[in-house]
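Starting from these lines, generate the structure:
(one chain, ligands or ions: 1)
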Amino acid sequence: MRTTKEILEGDTSRFAFKVSFQRDPDQGAGATEEETLSWGGFEIWVEGQNLCTHREDDTIVEAAHWYLLPMLEWLSTCWDYLLHEERLPLRIGGDDSWHSLQATAMPPPALDEQGEHRWDVEWHRWWQRHSLLACRQGGLFPDVIFRRWRHLVEISWGLRRLAGQPDYFRFLANDGFARLPVAEVAQPLYSVLRQAAAYLAEQASGSARLAILRAGLDSLRTDHSDKRLALLAGLGATLDEQEERWQEVNSRLQTHPEAAAAALSLDHTELFLAGSCQAALMFGSVAPTVDANDVIALASKLIDLYSPDSESPKLLALVRDETIDDSRKRPWARGYVLAQDVLEYLSLPGGADEWIDIRAIYERLGIHESLLPLNDSGIRAVSLAGPEHRPSALLNPKHGTYPGEFGRRFTLAHELCHILFDRGYGARLAIASGPWAPRDIESRANAFAAMLLMPTDLVRRIVDQLTIPTASAAGVREVARRLRTSFKATLEHMKNLDFLSEEEHDRVQLEVGGID
Ligand SMILES: [Zn+2]
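Prediction:
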């Protein structure tokens, strides 16, 4: 097939986008003039892998071929969502957007007909804004999702059979995801869109449709900061609601201009907002239905804790960026390793220690602990840290784990993981631990907390001293009592470290009536 124009932008080892225009094999049958002109192939490269590579019988084909104009229009129309909207529809059902959408595609059986309908509508609307398949119009496209992920752009993909996909046709990339700086994705994407639209417009100079596409692309360069910030914060189900509620946050913050400047600091470019903004990070991890009181309480913390350069050298020596950007690294195992690193740095546990004093660790590192009463009982705690904020873990007394000291200790250890390893661009952090925080980050922080409070050596020391069987409720209870951790967390951790086999774990659980 003769290629009339080829445009490739970006770095294929990071992110690159390529389109090539060719003669329409159907010579315009069933397509408009502009669509016919736009026939061609495209390739999406992520970390060295071309997501469009597929097999057609015995032939490997690099590009996906179809009328490209609807895809160019979709990328232009959905631009702000693709690069700024993080929050998944309905609930977080997986580590990345592709897996989460798969997990939430079917409404739960408990919903009634109306509830099912609402579920489907919400899921579908999000899918239309983020899934490349939304613009395929009958073409065979790879199943790729673009969304914001905190300070980065997440691209995730997987294999799903498309309607109309023949048996001889199969994409080669298995499921995966990558998280890249916004500029690395936005710039090549935009550059290809501009060049492609200009090329098509040259071929069909009177086309109103192409004029609209070009005007749309131009308009992305005008100031969209308010809309983009509202999308980053995601306070609400619709863009109107998000913009309105964002204004409430903004007015609360503006009562303290210096704190507001710090909490809203971001890299503005014409095309996108990059970097981390404390306020958006904070609201991006709470439920979209968070009530007005909680919004004000959270915004107020950004003011109360405004305190430039208040992080201690001891703390900063431990802080490092540990972005989870590869589905092959298991977040849980990583949490264990990070906890061991921290314990080693702090020379813990000491020879005579029977338990880990998390509050003493907070004190040594200069981290502040306080209360943040929120109506949303799903939020366990909120962490805040960065160059302009006093590093803090704020515990929500409404959360089920708060009333017990062991639960609070676990929360403090969990938040420590966020404070040390989940900083975004500019070493900024604001996160609400709960069901709307990224799942892989939460799961790593839980593993970190378990290992920090129950280091293997300490567990072994206590188990060796037991005069009752380890594999019994009384045995586990004694280990938990001495480590000052909850029975449940101790039981799970002892199984994960092989102090208890799967069978012994289940027996102990039965003994305390945990399962039937
Ligand atoms: Zn958390």
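
now the helices for the stretch 301-450 of the chain?
Listed in chain order, the helices of the stretch 301-450 of the chain (DSSP state H, counting those that start in this stretch) span 313-318, 331-345, 358-365, 405-421, 439-453.

name the helices or strands packed onto the next helix-or-strand element following the last one?
Tracing the chain C-terminally past helix 439-453 and defining elements by DSSP states H and E, one meets helix 456-465 next. In terms of contact count using 3 or more CB pairs under 8 Å, 6 or more residues apart in numbering; DSSP states H and E, helix 456-465 is assigned the packing partners helix 473-483. Placement of C-beta: from N, CA and C, glycine included.

now the angle from the helix it packs on to helix 456-465?
On the basis of axes from the mean of the first three to the mean of the last three CA atoms, to 10 degrees, helix 473-483 is oriented at 130 degrees to helix 456-465.

Buried residues, helix 473-483. List them.
A473, G475, V476, R477, E478, V479, A480, R482, L483 (16 or more other CB atoms under 10 Å).

Report the contact partners of the third one.
Yep, that's V476 we're talking about. V476 sits next to T470, F487, T490, L491, M494, L500, V508 when contact means CB atoms under 8 Å, 6 or more residues apart in numbering.

Go ahead and confirm the first one touches R460.
In other words, T470. No - using CB atoms under 8 Å, T470 makes no contact with R460, being 10.7 Å away.

Neighbour count for those two, which is higher?
T470 (19 against 12; other CB atoms under 10 Å).

now the more buried one, what's its secondary structure?
Classification of T470 using DSSP: H, G, I helix; E, B strand; the rest coil returns coil.

OK, contacts around it?
By CB under 8 Å, 6+ apart, the residues touching T470 are V463, V476, V479, M494, F499, L500, E504.

Over to T77?
G216.

For L220, see how far away it is.
Here T77 is placed at a distance of 10 Å from L220 (CB to CB, to the nearest Å).

Please, which helix or strand holds the residue lying closest to R194 once chain neighbours are set aside?
Once flanking residues are discounted, R194 sits nearest to L217: 5.8 Å by CB to CB, 6 or more residues apart in numbering. Here L217 is covered by helix 208-219, with elements defined by DSSP H and E.

Which neighbouring elements make contact with that helix?
Under the contact criterion of 3+ CB pairs under 8 Å, 6+ apart, helix 208-219 touches helix 69-77, helix 182-203.

my read: S472 touches H505, true?
No - in this structure S472 lies outside contact range of H505 using CB under 8 Å: 11.6 Å.

higher neighbour count, these two?
H505 (19 against 15).

Show me what the host helix or strand of that one packs onto, helices and strands only.
Assigned by DSSP H and E, H505 belongs to helix 502-511. In terms of contacts (3+ CB pairs under 8 Å, 6+ apart), helix 502-511 is packed against helix 473-483, helix 487-496.

Need the contact partners of the shortest one.
The contact list for helix 487-496, computed with CB under 8 Å, 6+ apart, reads 406, 410, 450-451, 453-454, 459, 470, 476-477, 479-480, 483, 485, 500-502, 504-505, 508-509, 512, 514.

what does this structure put close to the ion?
By the criterion of CB under 5 Å from the ion, the positions of the chain lying close to the ion are S433, E442, A445.

And for the last one, nearest residue in space, chain neighbours not counted?
What that stands for is A445. A445 sits nearest to C417 (CB to CB, 6+ apart), 4.0 Å away.

next one: W123
W123's closest residue in space is P89 (CB to CB, 6+ apart), at 5.1 Å.

what does Y168 give?
Here the residue nearest Y168, using CB to CB, 6+ apart, is D57, at 4.7 Å.

quick one: low-confidence parts of the stretch 401-516 of the chain?
By pLDDT under 70, the low-scoring segments of the stretch 401-516 of the chain are 514-516.

Give me the spatial nearest neighbour of the closest residue to the ion within it, chain neighbours excluded.
Proximity of the stretch 401-516 of the chain to the ion (CB to the ion) peaks at S433, 2.8 Å away. If the residues on either side of it in the chain are set aside, S433 comes closest to R380, at 4.5 Å by CB to CB, 6+ apart.

which residues sit in contact with the spatially closest residue to I324 that is not a sequence neighbour?
Distance criterion CB to CB, 6+ apart; nearest residue to I324, sequence neighbours excluded, is D440 at 4.9 Å. By CB under 8 Å, 6+ apart, the contact set of D440 is D95, I324, P331.

neighbouring strands for the helix or strand bottoming out on mean pLDDT in the chain, and are they parallel or not?
None of the helices or strands of the chain scores lower by mean pLDDT, DSSP states H and E than strand 267-268, at a mean of 79. In the sheet, strand 267-268 lines up against strand 273-274 (antiparallel) (DSSP bridges).

S300 reaches R252, doesn't it?
Yes - using CB under 8 Å, S300 is in contact with R252, at 6.7 Å.

which one of those two has more residues nearby?
Between S300 and R252, R252 has the larger neighbour count (other CB under 10 Å), namely 19 against 16.

hang on, isn't S191 packed against E9?
Yes - under the criterion of CB under 8 Å, S191 makes contact with E9 at 4.4 Å.

So for the two, which sits in the more crowded spot?
Remark: of S191 and E9, E9 carries more neighbours, 18 against 15, as counted by other CB under 10 Å.

who's in contact with that one?
A16, F17, K18, Q187, P188, L189, S191, V192, Q195.

ok, now A317?
Y345.

May I see the buried residues of the helix or strand encompassing E34?
Taking DSSP H and E as the criterion, E34 maps to helix 33-37. Under the neighbour-count criterion of 16+ other CB under 10 Å, helix 33-37 has E34, E35, T36, L37 buried.

Tell me who's in contact with the third one.
I take that to be T36. D24, Q27, G28, Y67.

With distance to L318 as extra columns, can I get these in CSV?
Below are those laid out as CSV (distance: CB to CB, whole Å):
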residue, distance to L318
D24, 59
Q27, 65
G28, 63
Y67, 53
